[in-house]
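**Q** Let me see the structure of the following:
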Amino acid sequence: MEAEPIDLVAAVVSESGIAGRRLREIIARLTEDPPTTLDDLVRDFAVPRRTVEALLRAAGPHLRSSGGQVSLLPSIRLEYRERFAADALHRTPEVSGMAELIAAAPAADQALDHVSATAETARRRARWLAETYDLAGARLVCIGDHDLTSLAVRKACPDAEITVVDVDERLLAYIDGQGAGIACYHADLRFGLPPVVAGSADLVFTDPPYTPEGVQLFLGRGAQALRDRVNGRLVMAYGFSPLTPALGLKVQRAVLDLDLVIEAMLPAFNRYHGAQAVGSASDLYVCRPTAHTWRVLDRRLDRLTGSGSSANIYTHGGQSLEGVAARGPARILGGGPLGAEEVTVDLSADPGPWLARVLLALNARSVTLLVPNNHPDLRDEAAQAALRGLVGAKYDLRLRRSTPEPRQATVEATLHPPGSPPSVAEWLLTHAHGKVGNVLREALLRADPALERAEAQARATAAIGRPDHLDARLLDLPRHTIVHLLKAAN
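**A** Residues are numbered from 1 along each chain as shown. I've put the predicted structure just below:
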């Protein structure tokens, strides 16, 4: 059966991925009077002639042409306008309430190079993205999201699928608490991207640390997140002082080193509360991968993060370029399960989240961890109780402050003997590298052999609560989500 012209047109639009919005604008123009010409369509919508010709060929019998001018037949125009949502193309997206959301968000963490963007910047980003790309049904991945771009885009385009990857547990809990249906995952990008996020995105947005290493790392992980390697885009906020153009050159070289093409740059698009060294502003870069990007990407990231070490990518504090690189967590957090009976890990440069994540990742009988004495998980009784509550079904912890010296602490973890059958929480914590939906189902079946497999799956799905978390590793879920899951599963 021969396909209808409107379906062939839809296929041409679909082939352009998120860049199909301009083709939809051409279709909308073809539904209007007076008729137009091929030359005008190419020029007015900045679409290559070959692409416009393919669109017109697909429309075929639904077009009328006279004297070089074309338009859609009046009898079919309404169907095209509805199919390609023509009336929504020039509707200004509503993005309200961002000032209140930003004011209530966790405070900026200077060690992570966080400087808050203005509410107007969040609105401007969301509107620009929604008015430039076809976001409905597409997946936007925010690589770091202190500025709450994800929440702004959710307001501008409710039909977009949105994922946030961030190292800041407070931020992940805050975004998740807004009930906006945004999938949140924890990651220190120096150790890798959550597997569930890799190959999932049509569009990536990031406002990275403004060092060459930080920009390359965040863009590199963003490229790994793309599923559309032809039409996918990486949108980045980056600024440098006009007094130091050499730094801007180094960063742009880091971008080009990934064989990304800078497709566009919008000057002074983003404004900040702070960052006065760069004029409290940054530019908006649109980067696009080339065929060679995929040949060099893994090598560039391996070179950047090193083997068995963690790259310093920030401009302030112990994680800065001037800081001392940590030796310990890369092999554990960047790979699969580590088979060993006794493990000693140097987490003396832990910015906060590594301790809990290493305890989730390891299943060694005995673990010794060296951490800063003022570590967030050790600083008071409440914090220590929360850490024990997180991993208590797996490890007994001994927390030794000011040991071996006043600025350091030692955490000694001893693995519980496996239960028979193991508790649901124990099974989850000792299988943190597996897909949490499968792991929880297996845990429920082991805890209750009389349970049917389908019922176990239904219970696991209900306990996890979010379908997009089913294929994620427990290791990559936000900490508040893990705590909730452990409670719900039992």
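
**Q** quick one: buried residues of stretch 251-263?
**A** 251-252, 254-255, 257-260 (16 or more other C-beta atoms under 10 Å). Every residue, glycine included, has its C-beta placed from N, CA and C.

**Q** Which single one of these is nearest to L370?
**A** A254 (32.1 Å; C-beta to C-beta).

**Q** which ones are touching the closest one?
**A** 212-213, 215-216 (C-beta atoms under 8 Å, 6 or more residues apart in numbering).

**Q** what's the answer for P61, then?
**A** Counting by C-beta under 8 Å, 6+ apart, P61 makes contact with P5.

**Q** hang on, it in a strand?
**A** No. Counting by DSSP: H, G, I helix; E, B strand; the rest coil, P61 falls outside a strand, being helix.

**Q** Per-residue pLDDT of it, please?
**A** With respect to pLDDT, P61 has a value of 94.

**Q** that older thread, among the contacts of A254, who's most crowded?
**A** When neighbours are taken as other C-beta atoms under 10 Å, the top entry among the contacts of A254 is Q216 (25 neighbours).

**Q** for the helix or strand harbouring that residue, packing partners?
**A** Per DSSP states H and E: Q216 is located in helix 212-225. When contacts are defined as 3 or more C-beta pairs under 8 Å, 6 or more residues apart in numbering; DSSP states H and E, helix 212-225 sits against strand 139-143, strand 203-206, strand 233-238, helix 245-256, helix 293-305.

**Q** Save those as TSV, and put in mean pLDDT too.
**A** Output for the helices and strands packed on helix 212-225, formatted as TSV (pLDDT from 0 to 100):
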stretch	mean pLDDT
strand 139-143	98
strand 203-206	98
strand 233-238	98
helix 245-256	96
helix 293-305	93
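
**Q** Of these, which is nearest P478?
**A** Of the helices and strands packed on helix 212-225, nearest to P478 by C-beta to C-beta is strand 139-143, at 14.0 Å.

**Q** quick one, that closest one and strand 233-238 angle?
**A** Angle between the axes of strand 139-143 and strand 233-238 is 30 degrees (criterion: axes from the mean of the first three to the mean of the last three C-alpha atoms, to 10 degrees).

**Q** Could you report the neighbour count for R379?
**A** Other residues close to R379 by other C-beta under 10 Å number 14.

**Q** next one: R229
**A** 14.

**Q** Could I get the contacting residues of it?
**A** Counting by C-beta under 8 Å, 6+ apart, R229 makes contact with 289, 294.

**Q** from now on call the first residue 797
**A** Happy to do that; since the first residue is 797 now, the last one works out to R1025.

**Q** per-residue pLDDT, it?
**A** 95.

**Q** before we move on, which element is it in?
**A** Per DSSP H and E, there is no helix or strand for R1025.

**Q** what are the ranges of the strands in the protein?
**A** 832-833, 859-862, 865-868, 935-939, 957-962, 979-982, 999-1002, 1029-1034, 1056-1067, 1077-1085, 1138-1142, 1162-1168, 1191-1196, 1204-1211 (DSSP state E).

**Q** I'd like a version of these in CSV, one that adds distance to Q1180 as further columns.
**A** CSV is the format used below for these (distance: least, C-beta to C-beta, whole Å):
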stretch, distance to Q1180
strand 832-833, 70
strand 859-862, 72
strand 865-868, 68
strand 935-939, 32
strand 957-962, 24
strand 979-982, 21
strand 999-1002, 34
strand 1029-1034, 38
strand 1056-1067, 40
strand 1077-1085, 40
strand 1138-1142, 19
strand 1162-1168, 12
strand 1191-1196, 6
strand 1204-1211, 10
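
**Q** Tell me which of the ones you listed approaches G1102 most closely.
**A** strand 1138-1142 (14.7 Å).

**Q** which residue sits farthest out from the middle of the protein?
**A** Relative to the C-alpha centroid of the chain, counting by C-alpha atoms, centre = their mean, G863 is the outermost residue, at 50.0 Å.

**Q** Any chance of the backbone angles for that residue?
**A** G863 has phi and psi values of phi 60, psi 30 when expressed as degrees, to the nearest 10.

**Q** The contacts of A1050 into CSV, with extra columns for distance to V960 and pLDDT?
**A** Listed next are those as CSV, based on distance: C-beta to C-beta, whole Å; pLDDT from 0 to 100:
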residue, distance to V960, pLDDT
P1008, 24, 95
E1009, 22, 95
V1011, 19, 96
Q1012, 21, 97
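
**Q** And the furthest pair within those residues?
**A** Greatest spatial distance in the contacts of A1050: E1009 and V1011, 7.4 Å, computed using C-beta to C-beta.

**Q** picking up where we left off before, want to throw the helices and strands packed on helix 1008-1021 into JSON lines with distance to I1128?
**A** Formatted as JSON lines, those follow (distance: least, C-beta to C-beta, whole Å):
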{"stretch": "strand 935-939", "distance to I1128": "22"}
{"stretch": "strand 999-1002", "distance to I1128": "25"}
{"stretch": "strand 1029-1034", "distance to I1128": "28"}
{"stretch": "helix 1041-1052", "distance to I1128": "27"}
{"stretch": "helix 1089-1101", "distance to I1128": "14"}
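
**Q** Quickly name whichever of the buried residues of stretch 1047-1059 is closest to R1161.
**A** L1054 (41.4 Å).

**Q** any idea how far that closest one is from T1089?
**A** Per C-beta to C-beta, to the nearest Å, L1054 is found 6 Å from T1089.

**Q** Show me how the protein divides into domains.
**A** Domains of the chain are assigned by automatic domain parsing as 801-884, 894-1100, 1122-1211, 1220-1285.

**Q** which stretch in these is the model least sure about?
**A** domain 1122-1211 (a mean of 90).

**Q** Please compute how far that one lies from its chain's middle.
**A** Offset of domain 1122-1211 from its chain centre (C-alpha atoms, centre = their mean, to the nearest Å): 26 Å.

**Q** before we move on, back to that, could I get the contacting residues of the residue farthest from the centre of the chain?
**A** Taking C-beta under 8 Å, 6+ apart as the definition, G863 has no contacts.

**Q** Let me know the pLDDT of the closest residue to E927 other than its chain neighbours.
**A** With sequence-adjacent residues excluded and distances taken as C-beta to C-beta, 6 or more residues apart in numbering, E927 is closest to P889, at 7.1 Å. Looking at P889, its pLDDT reads 92.

**Q** and P889, how many residues sit next to it?
**A** P889 has 19 neighbours, counted by other C-beta under 10 Å.

**Q** Pretty sure it sits against K951.
**A** Yes. If you go by C-beta atoms under 8 Å, P889 and K951 touch, sitting 7.4 Å apart.

**Q** Now for the two: what residues contact both?
**A** Contacts common to P889 and K951, judged by C-beta under 8 Å, 6+ apart, are A922.

**Q** my guess is R1023 contacts V937, does it?
**A** No. Using C-beta under 8 Å, R1023 makes no contact with V937, being 9.7 Å away.

**Q** Show me whatever sits in contact with both of those two.
**A** 996-997.

**Q** Between those two, tell me which one has more neighbours.
**A** The neighbour comparison of R1023 against V937 (other C-beta under 10 Å) goes to V937, with 31 against 14.

**Q** Is the more buried one bridged to anything, and to what?
**A** T959, V1000 (DSSP bridges).

**Q** could you measure it against A956, distance?
**A** Distance from V937 to A956, by C-beta to C-beta: 11 Å.
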